[in-house]
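Trainee: coordinates only, no sequence provided:
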């Protein structure tokens, strides 16, 4: 699976949009971009994933660049409960394979 | 709504004890996974199962065994607990292909071995 690069930490004011970037310049054509988050002492929570089109669900939006070398997770109206470590993962599908979490981005939402 | 549950959130055991961690999913998923998570080491796969009674070793299976007698249940067994098995244990499940392959995690079990 391709390697990803994320900023170590970010801050966001409550109510504002949080934009979390991820670089995956070695992504191959059959690899999906997945986002998970982990709130302290809890299990990782799936947020969203996509292949090449932008995706939106009730939690977030995922914007993937046309060359697929980077993506941005958008939390449209961040709340204090969104404070967590966010992981961007690139992986193929088609096999029962493990997830490899990098160090992620620690998002701190403040009042 | 997807649901993966784990038998305990916190567990304290003594060295040498046999420890059972249970995971149940209600999504009729074929694949189930056991990971452990340690600071600085990220998530490491212990075992996974792609069908009832089937299992595959992950990256760190030593000291662990697993059991999957029913599709919805995947158990992790520490035959003789040791202090280096103190960790956060995470269970996950996923379906077979495409979008169904998203892994969903349980809340985790924080195990302390004294």
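Mentor: Yep, that arrived. This one's a predicted model, so the numbers in the text were calculated from it and none came from an experiment.

Trainee: so residue A:33 versus residue A:20, what's the distance?
Mentor: Per CB to CB, to the nearest Å, residue A:33 is found 12 Å from residue A:20. C-betas here are computed from N, CA, C, even on glycine.

Trainee: any shared contact partners between the two?
Mentor: Residues touching both residue A:33 and residue A:20 (CB atoms under 8 Å, 6 or more residues apart in numbering or on different chains) are residue A:88.

Trainee: where in the chain is pLDDT low?
Mentor: Going with chain A. Scanning chain A for pLDDT under 70 picks out A:1-2, A:94-96.

Trainee: wait, chain B was what I had in mind.
Mentor: In chain B (pLDDT under 70), the answer is B:1, B:97-100.

Trainee: close to chain B: what parts of chain A are there?
Mentor: Residues of chain A lying close to chain B by CB under 8 Å from any CB of the partner chain are A:34, A:41-46, A:49, A:93-94, A:96, A:98-103.

Trainee: switch to 10 Å and redo it
Mentor: With the criterion set to CB under 10 Å from any CB of the partner chain, chain A comes near chain B through A:32, A:34, A:36, A:38, A:41-46, A:48-49, A:51, A:87, A:89, A:91-104.

Trainee: name the element the residue positioned nearest the centre of chain B belongs to?
Mentor: In chain B, the C-alpha closest to the average C-alpha coordinate belongs to residue B:34, at a distance of 2.8 Å (CA atoms, centre = their mean). Assigned by DSSP states H and E, residue B:34 belongs to strand B:31-38.

Trainee: distance between that strand and the chain's centre?
Mentor: On the basis of CA atoms, centre = their mean, to the nearest Å, strand B:31-38 sits 5 Å off its chain's mean C-alpha point.
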